[in-house]
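J.: Build me a model:
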Amino acid sequence: MYRLMIVDDEYATLNGLSNYIPWCDMGFEVKAKASNGKQALENLQRQDIDVILTDIRMPVMDGMELIRRIREENLPIEIILLSAYRDFEYAKEGIRYGVHDYILKPTKYEEIKTVFGNMKKKLDSRMEEKDPDREEEMYRSISKMVKAYVERNPGSANLEEVSEIVNMNPQYLSRLFKKKTGQNFSEYVMEIKMREAQKMLCNPRYRIGEIGEKLGYTNSKNFARAFHAKYDMSPREYRESRERNAHER
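T.: Numbers count the residues shown, from 1 in each chain. You can find the predicted model right below:
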């Protein structure tokens, strides 16, 4: 079992992550908990830890200062950030400090399972870390940040804005995203828009024109055309088919 420390100033989050996640099934054991970076550093003086899962915004000492201290002391500890969407800038800084990955709040078990599954593979096959490996992890994390940005801004997502968030040239980011995900940035934006359109069309309180506006279409015809190209039916036909299915049940 790999030794894990969880750091978060919110008691409910700290307690939930410590006690209600089946860490043993993933190959980890919670050996320590802390409510801020200072407590975490004190714990590190008393016991060895392999992985730290830490929040970013905390009193006394925040997560970024904790990471800086760990790196200054060259401690062989892997770090995973707990990051709210508003903390993207901090998550980006964490990448520069060699943070393995980050998990968005509110946490979802499937994301925790995926991130720590990758962490276990890394620890299982650990050798001396090489620069190309660090670069690959950085690019994977950037692609994940881009996806999270689009999912939260389907109606206004654009390459220039997300390029500023991750501090990259737009053309370079576009090529990187295609290489890592197999999709163009514009294709991914369209996929998320249509996925959100489906969800909203299932809710009768949204007018079809309103849905198009929320997803960034200047007129309902353009929205209907894009939806039909994706699903071979108009938004109205999709809504009516869902309503018929609901009545038949």
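J.: Now find how far off-centre the helix or strand residue 32 falls within is within its chain.
T.: Per DSSP states H and E: residue 32 is located in strand 28-34. Centroid displacement of strand 28-34 relative to its chain, using Cα atoms, centre = their mean, to the nearest Å, is 22 Å.
J.: what separates residue 181 from residue 174, distance-wise?
T.: 11 Å (Cβ to Cβ, to the nearest Å). Backbone N, C-alpha and C define where each C-beta goes, glycine included.
J.: Tell me how many other residues crowd residue 236.
T.: 12 (other Cβ atoms under 10 Å).
J.: how about it, phi and psi?
T.: Main-chain torsions, residue 236, degrees, to the nearest 10: phi -70, psi -40.
J.: Likewise for residue 210?
T.: Dihedral pair for residue 210: phi -70, psi -40, per degrees, to the nearest 10.
J.: Check the spacing between residue 36 and residue 30 real quick.
T.: Residue 36 is 17 Å from residue 30, by Cβ to Cβ.
J.: Would you mind telling me which of these two has the busier surroundings?
T.: residue 36 (20 against 17).
J.: could I get the helix or strand hosting residue 244 in PDB with only the CA atoms?
T.: Of the helices and strands defined by DSSP H and E, residue 244 is found in helix 235-248. Listed next in PDB are the C-alpha coordinates belonging to helix 235-248 (Å, rounded to 0.1, in the frame of the first residue of the first chain):
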ATOM      1  CA  PRO A 235     -34.300  20.200 -31.800                       C
ATOM      2  CA  ARG A 236     -38.100  20.200 -31.800                       C
ATOM      3  CA  GLU A 237     -38.300  16.700 -33.200                       C
ATOM      4  CA  TYR A 238     -35.800  15.600 -30.500                       C
ATOM      5  CA  ARG A 239     -37.900  17.200 -27.800                       C
ATOM      6  CA  GLU A 240     -41.100  15.600 -29.100                       C
ATOM      7  CA  SER A 241     -39.500  12.200 -29.300                       C
ATOM      8  CA  ARG A 242     -38.300  12.400 -25.700                       C
ATOM      9  CA  GLU A 243     -41.800  13.500 -24.600                       C
ATOM     10  CA  ARG A 244     -43.400  10.600 -26.400                       C
ATOM     11  CA  ASN A 245     -41.000   8.100 -24.800                       C
ATOM     12  CA  ALA A 246     -41.700   9.600 -21.400                       C
ATOM     13  CA  HIS A 247     -45.500   9.200 -21.900                       C
ATOM     14  CA  GLU A 248     -45.100   5.600 -23.200                       C
END
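J.: what ranges do the strands span in the protein?
T.: 2-7, 28-34, 51-55, 78-83, 101-104 (DSSP state E).
J.: So for residue 150, which of these sits nearest?
T.: Shortest distance between residue 150 and the strands of the chain, using Cβ to Cβ, is found for strand 101-104: 13.3 Å.
J.: related to what we said a few turns ago, could you dump the strands of the chain into JSON lines and include distance to residue 243?
T.: Shown next, in JSON lines, are the strands of the chain (distance: least, Cβ to Cβ, whole Å):
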{"stretch": "strand 2-7", "distance to residue 243": "45"}
{"stretch": "strand 28-34", "distance to residue 243": "46"}
{"stretch": "strand 51-55", "distance to residue 243": "43"}
{"stretch": "strand 78-83", "distance to residue 243": "39"}
{"stretch": "strand 101-104", "distance to residue 243": "33"}
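J.: Deepest in the core, which of the ones you listed is it.
T.: Stretch with highest mean neighbour count among these: strand 51-55 (a mean of 26; mean count of other Cβ atoms under 10 Å).
J.: Name the residues that touch that one?
T.: 2-10, 13, 17, 28, 37, 40, 63, 66-67, 70, 77-82, 103, 119, 123 (Cβ atoms under 8 Å, 6 or more residues apart in numbering).
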